[in-house]
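Colleague: Sequence and predicted structure are below.
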Amino acid sequence: MYPDSSPKERENIACREHGAVFLMGIGGTKENGELRHDGRAPDYDDWITQRPDGGHGLNGDLLVWNPLLEMSFELSSMGIRVNPETCLKQLDLCNVNERKDFVWHRMLLDGTLPQSIGGGVGQSRMCQFFLRCAHIGEVQHGWYNPKEVEVLKDHGIHLLGLGEFPEADPATTAQ
């Protein structure tokens, strides 16, 4: 589908056409031999194991069309996590074999950590989507680059937790 489009362009086209899509096998080698759809971590989801349908990857993303941002919008990412064999292969494919020496990787590779499945619908992403917010910081408190905050303010986007609403801040309310 859409062979002349980049992976992100294909996501946008599919979401715009269908409203919501579930993409399986995010991360592995693309048909043209290039590696990775969108920079998926090699030590998280399994994106190389062959599925019964002939595709590869035991992970997927739930995407919707976001009319405010005019682009696809990820509500959930889920999948079967790497086991020792897939972790080693994916680290090698991505040229990051030095990660094998990290504590978490050593524990996975020596069998201390079990095989697992992960994922879920992100509550903040759902709020951002349904409330039609342009930035996740409008629904979730966090730290943001001050330069980015100024650009967002210039566009009328106010982020939580930045002291922009002194009437709601107990520290500024007279006792």
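Modeller: That came in fine, so what should we check first?
Colleague: What pairs with the lowest-mean-pLDDT helix or strand in the chain, parallel or antiparallel?
Modeller: Lowest by mean pLDDT, DSSP states H and E among the helices and strands of the chain is strand 117-121, with a mean of 82. If you go by DSSP bridges, strand 117-121 pairs up with strand 71-80 (antiparallel).
Colleague: from the middle of its chain, how far away would the strand it pairs with be?
Modeller: With CA atoms, centre = their mean, to the nearest Å as the basis, strand 71-80 stands 6 Å off its chain's centre.
Colleague: Show me what the lengthiest helix in the chain packs onto, helices and strands only.
Modeller: The single longest helix within the chain, with elements called by DSSP state H, is helix 7-18. In terms of contacts (3 or more CB pairs under 8 Å, 6 or more residues apart in numbering; DSSP states H and E), helix 7-18 is packed against strand 20-24, strand 59-66, strand 71-80. C-beta here means a position set from N, CA and C on the backbone, and glycine is covered the same way.
Colleague: what's the most buried one of those?
Modeller: strand 59-66 (a mean of 21; mean count of other CB atoms under 10 Å).
Colleague: What are the contacting residues of it?
Modeller: Identification of contacts with strand 59-66 by CB atoms under 8 Å, 6 or more residues apart in numbering yields 11, 14-16, 18-27, 40, 45-47, 71-80, 121, 129.
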